[in-house]
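K.L.:
from the sequence below, what's the structure:
(chains A, B and C)
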Amino acid sequence: MAAFPTKALKRDDTRLIIHFDYDCFYAAVFEKEDPKLRYLPLAVQQKQIIVTCNYEARRQGLHKLQRVTEARKTCPNAIIMLGEDLTRFRNASKENYDFLKRFAWSGRAERLGFDEVFIDVTDMVDYNLEMLNSHTLQSSFFHLSRNDPTLGFAFDCSNIAGDVVPENQTVTDTAMGQATSSLYIRLLLGSHLAQHLRYQLEEHQGYSSTVGISTSKLISKLVGNVNKPKGQTTLLPPYTSSDHGESNITLFLDEHDIGKIPGIGFKTAQKIRGHVLAHPAAIDHGLVYGGTEENVKVRDVRLFPSMGVEVLEKLLGGSGSPKDIAIRVWSLINGIDTSEVGRAREVPQQISIEDSYIRLDAMAEVERELKLLSRSLLSRMRIDLSCVEEHEDMLGERRGTERATNGNRSSRQWLAYPKTLRLTTRPRPARNPDGTRSRTFNRISRSCDMPPLVLNLSSSIEDQSEVLVRETLIPLFHKLHPEKSGWDLSLMNLCAASISLTAASSKDGAGRDISKMLKLQQRVLKDWKVEEPNAEELDAPPVSIYPANFGEGAVEAVENKPLVATKDTFLVADSQDEATSETYENDNIWESDDEVPGLGYTCTKCGLAVPDFAITAHERFHDLPD
DNA sequence: CTGTTCAAG
DNA sequence: CTTTCTTGAACAG
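P.N.:
Residues are numbered from 1 along each chain as shown, chains lettered A, B, ... in the order given. Below you'll find the predicted structure:
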């Protein structure tokens, strides 16, 4: 047959992926808004539960997904903020994501939920690997740009930044990994980049994070969890087993509960547990603590007799399950995750809002709630799917969708629009007279075409939602619940789906992104004025390889044209050769040649003094095409 | 295409 | 497998 596990289980460790997890994100958003909250026990509430809390609150006994009543009892002085409106979290998440994405050459930055980001930094690490000067590892320079060799930071390349797993691996073991492949040094470079990004995120955005560094999304994410707040962890090589011992991937993964592996959800984990335990199931503690934990670890599954793709196919395959579920799960168990870090998505594929209810059984209530939900949905559609269109050059332009009010020089325009409107409810299981409890907590939905009226940007959301509820949502609701009464809903969800791009989006969306990038880059570059380049200091601000006014000249040029900073940019500055040298002497950037090793080199092409760590980059700069 | 299920935080 | 509020992928029909 076709299933050959060996083929799917080939490791590929040529990538380098960093996983970010903002520390207790919802709480951090409130803390940033009001820094007084920083050192107080702070929790965020949605309905009846604490969805997250800061570390001070955790110290005092609070935890995630705790009942509010219980939390109040445990910690009466805790400050509890209402977090049902996700707007502030969504905005903060987007800002952080944009900030991090800006660093990624590959553009591969993927958001997972509001508080996690994967970045594929393979190209950045590979480039910096080439740039390394093996004679001056302690005073290395990490390049954050291919075009602008002044952009980057100093670091000590003789040690990994942050924590590692396994903690007590001997130097010889690590050195052997280094000797056999470039994996160790690439992880090392990744760890320093991760540390830099982590510090930048905290300094510029005000969010601390926890990161993991490895060669796949799977391992990066899992290894990050090892040192929780404000930490970073790198999984050390070897990543393959040998005569000397087991792969660190296997050693690390084997200790995890099978259900903790990202990609193996509750249902899949239960099926696997049932197989390994040989008895049907074991309902994990539905209540609080103290339940009998039936722990099935990855190792138990991996080493279970005859376990493999075929057994998993029998167990997990069949109707309704993904086609390649067995191979995927078996790969994950063996530490292999080939999934790529996704590229940024222009606009979301769907926008949905929902609310849950203690009791919702009357049509009048439903109508009122639908009105509220549709208002939020329409508002979010405008925020996320439309943008302000400046049109100084409107003369002679044809624009069918244009709704500019007279006298306005700018108006809103749709970048994308939803084709479908979906209403979802979750009926509370009907209580049967004979006491049998129906246990279906499932959602049901009906959908229809999105009425075009919602695209009219000049009519008010109020008016639109009123019409939408009356003409569309009420009929949709009756389609879901034909009975006039007898139902009781615990939830309603409204979703704008099948969102597709308009013609305006590709042109304008790109323009918006670029102008945003310019602003961010300018902001950051200002902070990166040439300062004391102390290479010993690990977290020193990025340092120019050029003397002061040369560097500033370069920065100015880059500010004007950051995305096309090539040789020309520097040739302008280069023409001030003499002034450059003078300033260099006078400003006394580097105290003496002794203190900074590597000032001895003067470029034969431009006569510039270049420190060791920058020689390769400087030569490459001369090699740049015109 | 519509509606459901699973997984993620 | 539930609390909350979302988003995305994939499947059946």
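K.L.:
neighbours of A:Gly320, just the number please.
P.N.:
By other Cβ atoms under 10 Å, 5 other residues sit near A:Gly320. For glycine as for every other residue, the C-beta is placed from the backbone atoms N, C-alpha and C.
K.L.:
ok, and does stretch A:209-223 reach over to DNA strand C?
P.N.:
No. Shown here: stretch A:209-223 not in contact with DNA strand C (Cβ under 7 Å from any atom of the strand), separated by at least 13.1 Å.
K.L.:
measure that stretch end to end?
P.N.:
Stretch A:209-223 stretches 14 Å from its first residue to its last (Cα to Cα, to the nearest Å).
K.L.:
what's the closest non-adjacent residue to A:Leu42?
P.N.:
The shortest distance from A:Leu42 to any non-neighbouring residue, by Cβ to Cβ, 6 or more residues apart in numbering, is to A:Asn54 (4.5 Å).
K.L.:
got a list of what that neighbour touches?
P.N.:
Applying Cβ atoms under 8 Å, 6 or more residues apart in numbering, we find A:Asn54 in contact with A:Cys24, A:Ala27, A:Ala28, A:Glu31, A:Leu37, A:Arg38, A:Pro41, A:Leu42, A:Ala43.
K.L.:
do the same with A:Leu332
P.N.:
A:Leu332 makes contacts with A:Leu218, A:Ile261, A:Pro262, A:Gly263, A:Ile264, as judged by Cβ under 8 Å, 6+ apart.
K.L.:
next one: A:Ser374
P.N.:
A:Ser374 is in contact with A:Gln464, A:Ser465, A:Leu468, A:Val469, A:Leu473, A:Leu494, counting by Cβ under 8 Å, 6+ apart.
K.L.:
take the residues you listed and write them to JSON lines, including secondary structure, distance to DNA strand B and neighbour count.
P.N.:
Shown next, in JSON lines, are the contacts of A:Ser374 (DSSP: H, G, I helix; E, B strand; the rest coil; distance: Cβ to the nearest atom of the strand, whole Å; neighbours: other Cβ atoms under 10 Å):
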{"residue": "A:Gln464", "secondary structure": "helix", "distance to DNA strand B": "20", "neighbour count": "19"}
{"residue": "A:Ser465", "secondary structure": "helix", "distance to DNA strand B": "21", "neighbour count": "22"}
{"residue": "A:Leu468", "secondary structure": "helix", "distance to DNA strand B": "17", "neighbour count": "24"}
{"residue": "A:Val469", "secondary structure": "helix", "distance to DNA strand B": "18", "neighbour count": "22"}
{"residue": "A:Leu473", "secondary structure": "helix", "distance to DNA strand B": "13", "neighbour count": "24"}
{"residue": "A:Leu494", "secondary structure": "strand", "distance to DNA strand B": "13", "neighbour count": "25"}
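K.L.:
would CSV of the residues you listed with pLDDT be doable?
P.N.:
Shown next, in CSV, are these (pLDDT from 0 to 100):
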residue, pLDDT
A:Gln464, 96
A:Ser465, 96
A:Leu468, 96
A:Val469, 96
A:Leu473, 96
A:Leu494, 97
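K.L.:
so A:Ala154 makes contact with A:Ser139?
P.N.:
Yes. With contact defined as Cβ atoms under 8 Å, A:Ala154 counts as touching A:Ser139 (6.7 Å).
K.L.:
for the helix or strand encompassing A:Asp463, which outside residues touch it?
P.N.:
Using DSSP states H and E, A:Asp463 falls within helix A:461-468. Contact with helix A:461-468 is made by A:Lys371, A:Ser374, A:Arg375, A:Leu378, A:Ser379, A:Arg382, A:Pro451, A:Leu453, A:Val454, A:Asn456, as judged by Cβ under 8 Å, 6+ apart.
K.L.:
now for the strand or helix carrying A:Thr233, which elements pack on it?
P.N.:
Using DSSP H and E, A:Thr233 falls within strand A:232-235. Packed against strand A:232-235 by the contact rule (3 or more Cβ pairs under 8 Å, 6 or more residues apart in numbering; DSSP states H and E) you find strand A:163-165, helix A:183-200, strand A:209-214, helix A:217-224, helix A:248-254.
K.L.:
which non-adjacent residue is nearest the spatially most central residue of chain A?
P.N.:
Relative to the mean C-alpha position of chain A, the nearest C-alpha, by Cα atoms, centre = their mean, is the one of A:Val117, at 1.3 Å. Leaving aside its chain neighbours, A:Val117 sits nearest to A:Phe20 (4.4 Å; criterion: Cβ to Cβ, 6+ apart).
K.L.:
I'd say the one you found and A:Leu100 touch.
P.N.:
Yes. Contact status for A:Phe20 versus A:Leu100: in contact at 6.6 Å, counting by Cβ under 8 Å.
K.L.:
any idea how far apart the tips of stretch A:253-261 sit?
P.N.:
Span of stretch A:253-261 from end to end, Cα to Cα: 9 Å.
K.L.:
which helix or strand contains the residue nearest to the centre of chain A?
P.N.:
For A:Val117, the element it lies in under DSSP H and E is strand A:116-120.
K.L.:
again with A:Phe20
P.N.:
Assigned by DSSP H and E, A:Phe20 falls in strand A:17-22.
K.L.:
can you give the contact residues for that strand?
P.N.:
With Cβ under 8 Å, 6+ apart, strand A:17-22 has contacts from A:28, A:96, A:100, A:115-122, A:190, A:193-194, A:197-198, A:201, A:207-217, A:220-221, A:224-225, A:341.
K.L.:
rewinding a little: residue contacts, the residue nearest to the centre of chain A?
P.N.:
A:Val117 neighbours (Cβ under 8 Å, 6+ apart): A:His19, A:Phe20, A:Asn96, A:Tyr97, A:Leu100, A:Lys101, A:Ala109, A:Glu110, A:Arg111.
K.L.:
leaving out sequence neighbours, find the closest residue to the residue in chain A positioned nearest to DNA strand B.
P.N.:
Residue nearest to DNA strand B within chain A (Cβ to the nearest atom of the strand): A:Gly265, separated by 1.9 Å. Take A:Gly265 and drop its neighbours on the chain: the residue closest to it by Cβ to Cβ, 6+ apart is A:Gly259, 7.7 Å away.
K.L.:
cool, thanks, signing off.
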